[in-house]
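Visitor: I would like to see how this sequence folds:
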Amino acid sequence: MRIMFEGEIFRWTAREQDWYLVALPADLSEEIREIPRMPRGFGSVRVEVAIGSSRWRTSIFPDASRGVYVLPLKRAVRDAEGIGVEGVVTVDLEILDV
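Guide: Numbers count the residues shown, from 1 in each chain. Have a look, this model is predicted:
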């Protein structure tokens with residue numbers, strides 16, 4: 001399953017280090033929840049992501065407070081793509097756990 005979406009960057013500060021994430025849209029998160037797959041830690045789903053010319057593999061995680069999956073944005077990707085600590089990014093995401 002491959003999806004493209006635009007998402008707003010937000011900061012998660014629940015730990016000592018700040019993490020920057022993008023929330024997937026609710027309808028896409030619901031579709032992903034419905035995909036049969038083996039359970040993984042923290043409910044994560046393996047994905048391949050492209051933002052601009054950067055491509056990497058990571059996992060998306062369910063965010064109970066938002067009711068959607070969230071995608072962590074690595075610092076190296078933010079730096080390479082000129083992504084700041086806020087704004088909107090276009091994400092090309094492929095679900096690998098199918």
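Visitor: touching stretch 32-51 from outside, list them.
Guide: 1, 24, 55-62, 69, 71, 73, 77, 81, 83, 89-98 (Cβ atoms under 8 Å, 6 or more residues apart in numbering). (Glycine included, C-beta is placed from N, CA and C.)
Visitor: could you dump that stretch to PDB, C-alpha only?
Guide: Provided in PDB are the C-alpha atoms of stretch 32-51 (Å, rounded to 0.1, in the frame of the first residue of the first chain):
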ATOM      1  CA  ILE A  32      -3.600   1.100   7.900                       C
ATOM      2  CA  ARG A  33      -5.100  -0.200  11.100                       C
ATOM      3  CA  GLU A  34      -7.300  -2.600   9.000                       C
ATOM      4  CA  ILE A  35      -4.300  -4.200   7.200                       C
ATOM      5  CA  PRO A  36      -3.800  -7.700   8.600                       C
ATOM      6  CA  ARG A  37      -0.200  -8.100   9.800                       C
ATOM      7  CA  MET A  38       1.900  -9.600  12.600                       C
ATOM      8  CA  PRO A  39       1.900  -7.400  15.700                       C
ATOM      9  CA  ARG A  40       5.100  -5.400  16.300                       C
ATOM     10  CA  GLY A  41       6.400  -3.400  19.300                       C
ATOM     11  CA  PHE A  42       4.300  -0.400  20.300                       C
ATOM     12  CA  GLY A  43       1.900  -1.100  17.500                       C
ATOM     13  CA  SER A  44       4.500   0.100  14.900                       C
ATOM     14  CA  VAL A  45       4.200  -0.400  11.200                       C
ATOM     15  CA  ARG A  46       7.300  -0.600   9.000                       C
ATOM     16  CA  VAL A  47       7.300   1.900   6.100                       C
ATOM     17  CA  GLU A  48       9.500   3.300   3.400                       C
ATOM     18  CA  VAL A  49       9.200   7.100   3.200                       C
ATOM     19  CA  ALA A  50      10.200   9.800   0.700                       C
ATOM     20  CA  ILE A  51      10.200  13.500   1.300                       C
END
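Visitor: look up how far residue 47 lies from the residue of the chain positioned farthest from its centre.
Guide: Computed with Cα atoms, centre = their mean, the residue of the chain farthest from its C-alpha average is residue 16, at 20.5 Å. Distance, residue 16 to residue 47, by Cβ to Cβ, to the nearest Å: 26 Å.
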